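**Q** build me a model from this:
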Amino acid sequence: MDNQKTPLKVSLHAMDERTVKMMILYLQGPCKGAAIVVNEGSADVDIVDADTINGKKIVDERLAKSLRRPVIALSIKDIGLDDVIFVKKPVKTEEMIAALGKAKKALINPAGLANAHLKSAKSAEQVDVKEGGESTEKSELKKYTLDSSQNKSSKHQTAVQMTEASFNTYIGSVPGLDVNDPAQFSMATYNPDEYFQGGILSAVKTGIEKQEMLAFDFGWKPLILLPKTHEIWVDADEKQIRAFAGLKQKEAHHANFSFKPYTADPDALTLAPEKLHSIDAFVWKLACWASKGRYPAALNIDYPVYLKHWPNFTRLLVTPHALRIAALLIREPRTLANVAETLNIKPQFVFVFISAAHAAGLVGLATRQADMLFQPSEIQPSQKQGLLRRIINKLRGTNV
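**A** I've put the predicted structure just below:
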C-alpha cells in the first residue's frame, strides 16, 4: 500500500450534520482527497471542533483512550496541548493538508501512540473485504452518510457528487456542438425560457408572491408549490424529470402554465417524500439538464462574472470541479474561458456550473470599470494550463 497516496481515514467529532457534510466535500475537493470520513471505529485520525460546547471534553477523552491515535483540533485559538495537531479557524486548505500530513507521519512513526494497537487494528481493516469486492472503508463511509441522513428530519436528498466520466451520460450533450472548442463558444449557449427550467422559475415566482400552496398544470406531471417551506412536489421520478428537463419546448412553457390553489390535505404529500424537493436544489438540477454543458444566453462569454455567495453544496448536485470553480469566482470576477484555463479543466464543466448558479440567482455580472480593467490574479498555473489560451490566441490571429 502506498502510504503517500492512500487517503487518511478520519472520524469527525463535535460537528453538526451540515458541518460533517461540508467537511466531507472539503476533504475531497480543496484537500484533493487527502482524507476520507469514516465511522469512529474505522478511523486512523480524529478531527474535533474544539470550539463547540463539548469539543474540549472530546479532545481530552480521545487523548485519554488506551488506543491512541492522532487528534486534529480545529479552533480559533491554540488549545495548548502538545499531543494535539492544531489547525486555526477559519481553516485554510494548506494548513489542513499540512495537519493531515503530520497525522500521517505520526501513524508511520507513532511517537507517544499505542503503536502495536494501531497496527493490529489497521491490518484487520485492510484485509476485511465484503462480498462483491466492496472494501470496509467504502461501506463504512456509506453507512456513516446513511446514518447521518436517517437522524435528520429533512427528507431532501443530500449532495451528490458527479465524476467527469459520468458527466455526459448524466447531463447530456447537444449533437453537432463541441462546447469545449473555443471556436464554438459563441454558439455554446441556451435559453432557459425554452426549457422546463424557465417554466419552473416562473411558477416559483408566482407562488412566492402569492405565499400560498399552488397546484400548477404544465401539461405534463402534477406539480405543487409549497412556498412557506420552500419546496416543490412533483409526481415524477428523477429519470422522468431529467428527460423532460432536457427537451426544448416548442413554445415557452411558462407562457402556457396554469395554476390554482391547492386545497387537498397537505399531509398527503408526505406519503411520497421522495417527490418533495427543495426549490433551490430542484432548479439547480433543471439548469444542469437543460444546459447540457452550455451557458445561459444572457451571459456574454467575453465578460467576467462572479459568485454573490457560496452555494449550499450540501443539498446540490455537485458537478465536476464545482468547488474549485466556486472558490475562484468568489474571490474575483473572471470570464468563463479564463476559469477553465486557470483550473485546467474542460469549459463544459464551467458552463454547467454557471448555468446552475445563474438559475439559483448566485451569478453577478461584473459591470464596473475596475472589473474590466485589471487581469485576474494568477493561480499557480500547471504546465498544461496555457493550452486553452494558446488555442484562443491562435484563433484570434495573435502570437503567444
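**Q** count of neighbours near residue 164?
**A** By the criterion of other CB atoms under 10 Å, residue 164 has 13 neighbours. C-beta: built from backbone N, CA, C; applies to glycine.
**Q** measure it to residue 361 for me?
**A** 27 Å (CB to CB, to the nearest Å).
**Q** how about residue 104?
**A** Residue 104 is 41 Å from residue 361, by CB to CB.
**Q** so for these two, which sits in the more crowded spot?
**A** Between residue 104 and residue 361, counting by other CB under 10 Å, residue 104 is the more crowded of the two (19 against 12).
**Q** mind checking pLDDT for the residue lying closest to residue 248 once chain neighbours are set aside?
**A** Spatial nearest neighbour of residue 248, excluding adjacent residues (CB to CB, 6 or more residues apart in numbering): residue 194 at 5.3 Å. On pLDDT, residue 194 comes in at 91.
**Q** residue 305: neighbour count?
**A** Neighbours around residue 305, by other CB under 10 Å: 22.
**Q** who's in contact with it?
**A** 299, 329, 333-336, 354, 363-366 (CB atoms under 8 Å, 6 or more residues apart in numbering).
**Q** quick one: the strands in the stretch 101-250 of the chain, in order.
**A** Assigned by DSSP state E, counting those that start in this stretch, the strands in the stretch 101-250 of the chain fall at 160-161, 189-190, 214-217, 223-226, 231-234.
**Q** what segments of the chain are helices?
**A** Assigned by DSSP state H, the helices in the chain fall at 17-28, 55-64, 93-108, 115-127, 136-150, 164-171, 196-210, 238-245, 279-291, 322-331, 336-343, 347-359, 369-373, 387-396.
**Q** can you redo those as TSV with distance to residue 37?
**A** Formatted as TSV, the helices of the chain follow (distance: least, CB to CB, whole Å):
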stretch	distance to residue 37
helix 17-28	5
helix 55-64	16
helix 93-108	12
helix 115-127	15
helix 136-150	6
helix 164-171	22
helix 196-210	33
helix 238-245	25
helix 279-291	22
helix 322-331	16
helix 336-343	25
helix 347-359	24
helix 369-373	38
helix 387-396	34
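**Q** buried deepest among the ones you listed, which one?
**A** Most buried of these, by mean neighbour count (mean count of other CB atoms under 10 Å): helix 347-359, with a mean of 26.
**Q** output that helix as CSV, nothing but the C-alphas.
**A** C-alpha atoms of helix 347-359 as CSV (Å, rounded to 0.1, in the frame of the first residue of the first chain):
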residue,chain,number,x,y,z
PRO,A,347,-15.1,24.5,-20.4
GLN,A,348,-18.2,22.4,-20.3
PHE,A,349,-17.7,21.9,-16.5
VAL,A,350,-17.5,25.7,-16.1
PHE,A,351,-20.6,26.3,-18.3
VAL,A,352,-22.8,23.8,-16.5
PHE,A,353,-21.9,25.1,-13.1
ILE,A,354,-22.5,28.7,-14.2
SER,A,355,-25.9,27.6,-15.7
ALA,A,356,-27.0,26.1,-12.3
ALA,A,357,-25.6,29.0,-10.2
HIS,A,358,-27.3,31.5,-12.6
ALA,A,359,-30.6,29.8,-12.2
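**Q** distance check, residue 323 against residue 241.
**A** Where residue 241 is concerned, residue 323 sits at a distance of 25 Å (CB to CB).
**Q** next, count neighbours for residue 181.
**A** Neighbours around residue 181, by other CB under 10 Å: 13.
**Q** likewise residue 175?
**A** Neighbour number of residue 175 under other CB under 10 Å is 5.
**Q** got the phi and psi for it?
**A** Main-chain torsions, residue 175, degrees, to the nearest 10: phi -60, psi 140.
**Q** what residues are up against residue 178?
**A** residue 184.
**Q** ok, now how distant is it from residue 249?
**A** As for residue 178, its distance to residue 249 is 25 Å (criterion: CB to CB).
**Q** quick one: residues contacting residue 200.
**A** Applying CB under 8 Å, 6+ apart, the residues near residue 200 are 232, 254, 282-283, 286.
**Q** rerun at 6 Å
**A** Counting by CB atoms under 6 Å, 6 or more residues apart in numbering, residue 200 touches residue 286.
**Q** and the gap between it and residue 61?
**A** For residue 200, the distance to residue 61 - CB to CB - is 49 Å.
**Q** again with residue 298
**A** From residue 298 to residue 61 the distance is 54 Å (CB to CB).
**Q** going through the contacts of residue 305, which ones are buried?
**A** By neighbour count, with 16 or more other CB atoms under 10 Å, the contacts of residue 305 hold 299, 329, 333-336, 354, 363-364, 366 as buried.
**Q** return the subset of those lying in strands.
**A** 363-364 (DSSP state E).
**Q** now the buried ones among the contacts of residue 305 in CSV, with pLDDT?
**A** Below are these laid out as CSV (pLDDT from 0 to 100):
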residue, pLDDT
299, 94
329, 92
333, 90
334, 91
335, 93
336, 95
354, 97
363, 94
364, 89
366, 77
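**Q** for the strands of the stretch 101-250 of the chain, which one sits closest to residue 276?
**A** strand 231-234 (5.3 Å; CB to CB).
**Q** ok, and what's touching the closest one?
**A** Against strand 231-234 from outside (CB under 6 Å, 6+ apart): 223-225, 269, 275-277, 279, 282.
**Q** mind checking how far the nearest residue to residue 285 once chain neighbours are set aside is from residue 329?
**A** Distance criterion CB to CB, 6+ apart; nearest residue to residue 285, sequence neighbours excluded, is residue 317 at 5.3 Å. From residue 317 across to residue 329, the span is 18 Å (CB to CB).
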